[in-house]
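Visitor: below: sequence and its predicted model.
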Amino acid sequence: MSIQFPKFEDIREIIQLARREDLGEDDVTSRFMISEDAVGVGTVLQKEVGVTCGLPIVEMICRTYDERLRVEPIPGFHLDILEGRFSDARSLPLLRVRGPMRSLLSAERVILNFLQHLSGVATQTSRFVRRVEGTGARIYDTRKTLPGLRVLDKYAVRRGGGYNHRAGLFDGLLVKDNHIAGLPLKELAGHLSQRIARSRAERIDRFVEIEVQSLEQFREVLKLEGEFVILLDNMDCPKMQTAVELRDRAGKKGKVPLEASGGVTLETVRPIALTGVDRIAVGAITHSASALDISMEIEGQ
């Protein structure tokens with residue numbers, strides 16, 4: 001299944017916001033230092049090992065700044081091939097932008113901000129994905145994204161080999177500890193069963209996930225009928241392995257996926273995957289990803 005970059009209309013607002021906060025009313029320096037008729041070409045270079053991500057946004061940004069700015073592929077480096085590719089080259093040319101020098105200089109920082117951030121998310125995701133290879137576990141993102149950038153962050157996660165959790169509060173039922181605080185353990189299964197039935201009556205294919213913080217809660221939730229995900233929150237590996245065994249003995253393997261969550265790091269992700277869980281939610285792939293080193297070298301023509 002192909003990974004599609006978000007449509008311009010879905011990210012137009014965030015691009016325009018980035019332009020407004022950076023450009024304001026005027027690029028004073030370029031107006032005083034660069035003649036109005038000057039033309040230039042900027043070569044975008046990836047200068048750090050990692051996954052290239054976000055190249056389609058460059059044309060969208062150029063269109064927002066100046067319709068005369070044109071994105072050109074580097075000969076031998078087609079954009080569709082570069083996007084989502086891991087590279088260990090220290091100076092990889094990605095694309096060129098050609099057009100009025102003033103507009104090129106004005107757009108440079110915003111172009112790089114998006115590319116560096118998205119490539120950083122994709123690279124961080126790729127690191128986690130590689131750590132769990134061969135275990136059967138998949139890496140999922142969370143809602144811990146930069147405000148306004150969620151659709152882009154989740155695209156970058158997919159480019160890095162990860163999977164997307166729900167997009168937001170609107171498209172899934174995720175029952176967390178605060179939703180059932182104070183509910184006696186013996187009433188948990190019945191309470192959840194009623195609420196899930198009401199949700200499915202409203203929309204049969206709605207995603208359902210239930211968080212548990214102990215094996216006692218897990219045993220109760222496992223009694224529920226139908227397909228849903230159980231989130232094992234901040235459990236250690238022995239408890240997660242026990243949960244996997246309980247699920248499998250109940251004949252619900254493949255029907256009730258188990259997801260690990262809570263402070264997952266590159267050091268802990270593989271031991272977690274080896275417990276047999278199906279999904280591992282990692283907030284760090286979006287909220288703690290470092291920007292990848294990408295620059296633009298600009299020359300006059």
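Guide: Thanks, I have the structure now. Residues are numbered from 1 along each chain as shown.
Visitor: only C-alpha atoms from now on, for both contacts and neighbour counts.
Guide: Will do.
Visitor: tell me what the residue nearest to Val277 when sequence neighbours are not counted is bridged to.
Guide: Among residues not flanking Val277 along the chain, Leu258 sits closest, at 5.3 Å (C-alpha to C-alpha, 6 or more residues apart in numbering). Beta-bridge pairing of Leu258 under DSSP bridges involves Ile230.
Visitor: Leu258 reaches Leu232, doesn't it?
Guide: Yes - assessed by C-alpha atoms under 8 Å, Leu258 is found in contact with Leu232 at 7.0 Å.
Visitor: list the contacts of stretch 246-266.
Guide: Outside of stretch 246-266, the residues within contact range by C-alpha atoms under 8 Å, 6 or more residues apart in numbering are 127-128, 131, 219, 222, 226-235, 240, 244, 272, 277-284.
Visitor: got a quick PyMOL command for the buried subset of those?
Guide: Buried members of the contacts of stretch 246-266 can be picked out in PyMOL with the line below, counting by 16 or more other C-alpha atoms under 10 Å:
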select buried, resi 127+128+131+222+228+229+230+231+232+233+234+235+240+244+272+277+278+279+280+281+282+283+284
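Visitor: can you check which helix is longest in this structure?
Guide: The longest helix of the chain (DSSP state H) is helix 101-131.
Visitor: least confident secondary structure element in the protein?
Guide: The weakest-scoring helix or strand in the chain, judged by mean pLDDT, DSSP states H and E, is helix 79-82 (a mean of 89).
Visitor: that one packs against which elements?
Guide: Contacts defined by 3 or more C-alpha pairs under 8 Å, 6 or more residues apart in numbering; DSSP states H and E place helix 79-82 against strand 92-100.
Visitor: what's the strand it packs on packed up against?
Guide: Taking 3+ C-alpha pairs under 8 Å, 6+ apart as the contact cut, strand 92-100 packs with strand 39-46, strand 70-73, helix 79-82.
Visitor: quick one: the longest one to helix 101-131, angle?
Guide: Right, strand 39-46. 10 degrees (axes from the mean of the first three to the mean of the last three C-alpha atoms, to 10 degrees).
Visitor: strand 39-46 - what's its average pLDDT?
Guide: The average pLDDT within strand 39-46 is 97.
Visitor: so what strands line up beside that strand?
Guide: strand 92-100 (antiparallel), strand 294-300 (antiparallel).
Visitor: picking up where we left off before, and the longest helix of the chain, what's buried?
Guide: For helix 101-131, burial by neighbour count (16+ other C-alpha under 10 Å) applies to 101-112, 114-129, 131.
Visitor: report the contact partners of the residue lying closest to Ser290 once chain neighbours are set aside.
Guide: Using C-alpha to C-alpha, 6+ apart and skipping the chain neighbours, the partner closest in space to Ser290 is Gly120 (5.4 Å). With contact set as C-alpha under 8 Å, 6+ apart, Gly120 has these partners: 50-51, 289-292.
Visitor: then Glu227?
Guide: Glu227 touches 208, 255-256, counting by C-alpha under 8 Å, 6+ apart.
Visitor: next one: Leu224
Guide: 189, 193.
Visitor: how far away is it from Glu187?
Guide: Counting by C-alpha to C-alpha, to the nearest Å, the gap from Leu224 to Glu187 is 12 Å.
Visitor: do Lys154 as well
Guide: 36 Å.
Visitor: then Gln46?
Guide: With C-alpha to C-alpha as the criterion, Gln46 and Glu187 are 56 Å apart.
Visitor: hang on, the earlier thing: how far off centre is the least confident helix or strand of the chain?
Guide: On the basis of C-alpha atoms, centre = their mean, to the nearest Å, helix 79-82 sits 19 Å off its chain's mean C-alpha point.
Visitor: contact partners of it?
Guide: By C-alpha under 8 Å, 6+ apart, the list of residues contacting helix 79-82 reads 52, 55, 73, 94-95.
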